[in-house]
Structure formats: structure tokens, C-alpha cells
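*Asks:* output the structure for:
(one chain, ligands or ions: 1)
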Amino acid sequence: MIQIRNLCKSYGKMQALKGLTMDIEKGTVFGFVGPNGAGKSTTMSILATLLAPTSGKAYVGGYEVTSHPKEVRKLIGYMPDFFGVYDNLTAEEYLDFYGANYDIPSAQRKQIIPQLLDLVNLSHKRDAYVDSLSRGMKQRLGLARSLVHNPEVLILDEPASGLDPRARIELREILKELRDMGKTIIISSHILPELAEMCDVIGVIEEGNLVAFGRVDEIYAKMQEQRVLRIRLTGRIEEAMTRLREMPVITSVTREGSWVVANFSGQDEQQVELLRELAVAGFPVAAFNETVGDLEDIFLEITKGVGS
Ligand SMILES: Nc1ncnc2c1ncn2[C@@H]1O[C@H](COP(=O)(O)OP(=O)(O)OP(=O)(O)O)[C@@H](O)[C@H]1O
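*Replies:* Modelled structure (predicted):
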């Protein structure tokens, strides 16, 4: 659905994008993660045809963004990371105004707008002034606005920023509905775990370069394989460490007081077997627990270099 090829953007001497290349397939929820200033908004603005790249190409639905902006705009709904001020418009009037901008006939707008307000759980705020809405509600109204022309692709710049946990959950639920409708969604954030909860694929951008790109389910599967086991023994600690080191599923063993900390790379069955072996050998195991690896570390480790 989206192809980005060697995309570069400079603001004067500042190189915001340094040859970005990636593909986003139809129906994917793609999370674009990176620290402030990494180039996420720049990329999204180029895809939304609001900014011209310095060099390189970007295609949406096969249309190149600079030579076919009209076709691209029909395909995409864009929600920027800031929200304008609209003193005298109610939520309904606001959506009607944007619908009219897309040349949607009045009768059709009357039909669509209640559906959109319902989708973003704002039907009860239909007659409320936009400026009186909470931040979470404004975000949801912005989302409804980006959907007014029923686009195939949604580009959402930091939609969860500034939202409280409850508003985030609501947003996630709405995104699920949109995904179920078959939309391709691009969401940016500077928080990887937040995106991992709602996306299928994640790309990490740093200083204008894509440094990692991969599927979230693969990352989670990998995380399950890289566990840290913590075993507390009341005696024979050194002996237990030697026994653990001999096991192929253990990659390293250290000691923290009465705890033995072992990096484990295997499946549940092998973990069960490990505990059984220790018990059968009579080691005095008082406690046994596991922690999975750090999402960001594992993500970067297994996906680095991809796409760059
Ligand atoms: N209009 C502009 N003029 C000059 N520099 C700009 C302009 N827009 C962005 N930049 C610079 O380009 C770089 C990338 O900015 P961009 O907004 O794309 O990053 P971002 O990843 O979206 O960051 P954030 O998470 O803070 O929104 C930054 O260093 C930024 O200061």
C-alpha cells in the first residue's frame, strides 16, 4: 500500500530524513517509533502530500505523492499532532465543514457524520463546542475528521500523546475497529511499548534513518525465548551454578546473594525439565521465577540493520 524509497528531506543544512526506505502492506497497523526530532512527522507530512521531499520517492496506493497529490489525498486521512482552535463550531458542524471540503454532498454528510461520531464514541457530544471538549475527545474528533472521506489509509501523528490511560484504551479500541474495516494505519509515538500494544509491524527511526523494522508477534515470540530465570537456593549454590552452566538452554549464570540468575533461551517444556532436574538432584530450591527480556532491547537486537 505504501512504498518509501530512499526518501531524503533537508531543512536548510539540517538533514531530517537520510534515505528512508520501507514498505507498509495493505491492512497493516504500522507503528513508527523514534525519539523527538527523529523524522516521524516529516515522513508523515510527505506521505500526506503536505511537504515535498528533497529527494527520493514515496508512493501511496501506487501513486507517487509529489506527482499525484490529488489521488493520494483521496486515499489518505491524516491527523496531525496538533489540533487547531475552532471557537464557534460544534463537533457535528466541525465534521460537516471537513466533509464539505471533500465535496461530499450534504445528504451524504448527514448520513455519515452520526456514524463517525458513533465510531469515536462522541455521539453524546454532537452539539458541544469543539473547544469545550477534553483532549482525549478532541483527539477522537480529529480521528473522525480524518475518516470523513472514508480513506483506505490513516496517518496518525502521535495520536496517544497527552492522553490518560483510559483515553488510550479507548483509542486502541477504535483503532482495532478501523483495522477490522481493513484500513492501513500508520501511527507514530516515541514510546515503543505503547505502539507494540496496538500495531502489527514496528519501524524504529533515529536521526532520519530507519534502524529497525519488524513484526510485533515475532518480537514477542523472541521475547518468550529469552527469559531470565531467578532461582533462590538455601544451600549448594556454587554446585547448582555449575550444573546450570552445563545445560544447553542456559546462556549465562551469575549469582546475586542466595539467588542464581540464569539467562535462558528455550521453550516452556525445557524450563519445566530444568526445574525437574534441579529437584531430582536434590538442590534446595526455595524460590523460582522468570522475567522476560526488555522489549526495546530485544526489538533492536533482532531487527537492527533491516531497511537501512
Ligand atoms: N519546518 C522545519 N524547519 C526546520 N527544521 C525542521 C522543520 N520541521 C522539522 N524540522 C527538524 O527536522 C527534524 C525532524 O523533525 P520531525 O518533526 O520530523 O521529528 P519527529 O520524529 O516527528 O519528532 P517529534 O516526536 O518531536 O514530533 C528535527 O530535528 C526538527 O527540528
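
*Asks:* show me the shaky parts of the stretch 1-150 of the chain.
*Replies:* 83-87 (pLDDT under 70).

*Asks:* quick one: name the residues of it near the ligand.
*Replies:* Listed as neighbours of the ligand in the stretch 1-150 of the chain under the rule Cβ under 6 Å from any ligand atom: Y11, M14, A16, G34, N36, G37, A38, G39, K40, S41, T42, D81. No exception for glycine: its C-beta is placed from N, CA and C like everyone else's.

*Asks:* for those residues, which single residue is the most surrounded?
*Replies:* When neighbours are taken as other Cβ atoms under 10 Å, the top entry among those is K40 (25 neighbours).

*Asks:* right, and that one touches D157 too?
*Replies:* Yes - contact between K40 and D157 holds when scored by Cβ atoms under 8 Å: they sit 7.2 Å apart.

*Asks:* mind listing the shared neighbours of the two?
*Replies:* Residues touching both K40 and D157 (Cβ atoms under 8 Å, 6 or more residues apart in numbering) are S188.

*Asks:* can you tell me which of the residues of the stretch 1-150 of the chain next to the ligand are in strands?
*Replies:* If you go by DSSP state E, those have Y11, M14, A16 in strands.

*Asks:* which residue ranges form the strands in the chain?
*Replies:* 2-11, 14-24, 29-33, 55-60, 63-64, 76-79, 153-156, 184-189, 201-206, 209-215, 227-233, 250-256, 259-264, 285-292.

*Asks:* which residues touch L175?
*Replies:* Counted by Cβ under 8 Å, 6+ apart, L175 has contacts V29, I185, I187, M198.

*Asks:* what's the closest of those residues to R168?
*Replies:* Nearest to R168 among these: M198, at 9.1 Å, using Cβ to Cβ.

*Asks:* from what I see, that closest one and I187 are in contact.
*Replies:* Yes - the pair M198 and I187 qualifies as a contact (Cβ under 8 Å) at a distance of 6.9 Å.

*Asks:* between those two, which contacts overlap?
*Replies:* With Cβ under 8 Å, 6+ apart as the test, M198 and I187 both reach V29, G31, L175.

*Asks:* where's the last one relative to the ligand, distance?
*Replies:* This points to L175. For L175, the distance to the ligand equals 19 Å [Cβ to the nearest ligand atom, to the nearest Å].

*Asks:* next one: the second one
*Replies:* Here the criterion is Cβ to the nearest ligand atom. By it, G31 lies 13 Å from the ligand.

*Asks:* burial of Q226, as a residue count?
*Replies:* So Q226, with other Cβ under 10 Å, has 18 neighbours.

*Asks:* again with L229
*Replies:* Close neighbours of L229, defined as other Cβ under 10 Å, add up to 20.

*Asks:* these two touch, right, it and S265?
*Replies:* No - the criterion here is Cβ under 8 Å, and L229 misses it with S265 at 10.6 Å.

*Asks:* which residues of the stretch 101-250 of the chain fall in helices?
*Replies:* For the stretch 101-250 of the chain, the helices defined by DSSP state H, counting those that start in this stretch cover 106-119, 135-146, 165-180, 192-198, 216-225, 237-245.

*Asks:* most packed of these?
*Replies:* The highest mean neighbour count among the helices of the stretch 101-250 of the chain, using mean count of other Cβ atoms under 10 Å, belongs to helix 135-146: a mean of 22.

*Asks:* alpha carbons of that helix, as CSV, please.
*Replies:* Extracted in CSV, the C-alpha atoms of helix 135-146 (Å, rounded to 0.1, in the frame of the first residue of the first chain):
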residue,chain,number,x,y,z
ARG,A,135,-8.0,16.4,25.0
GLY,A,136,-9.0,12.8,24.5
MET,A,137,-12.3,13.8,22.9
LYS,A,138,-10.5,16.3,20.6
GLN,A,139,-8.2,13.5,19.5
ARG,A,140,-11.2,11.3,18.8
LEU,A,141,-12.9,14.1,16.9
GLY,A,142,-9.7,14.6,14.9
LEU,A,143,-9.7,10.9,14.1
ALA,A,144,-13.3,11.2,12.9
ARG,A,145,-12.3,14.2,10.8
SER,A,146,-9.6,12.2,9.1
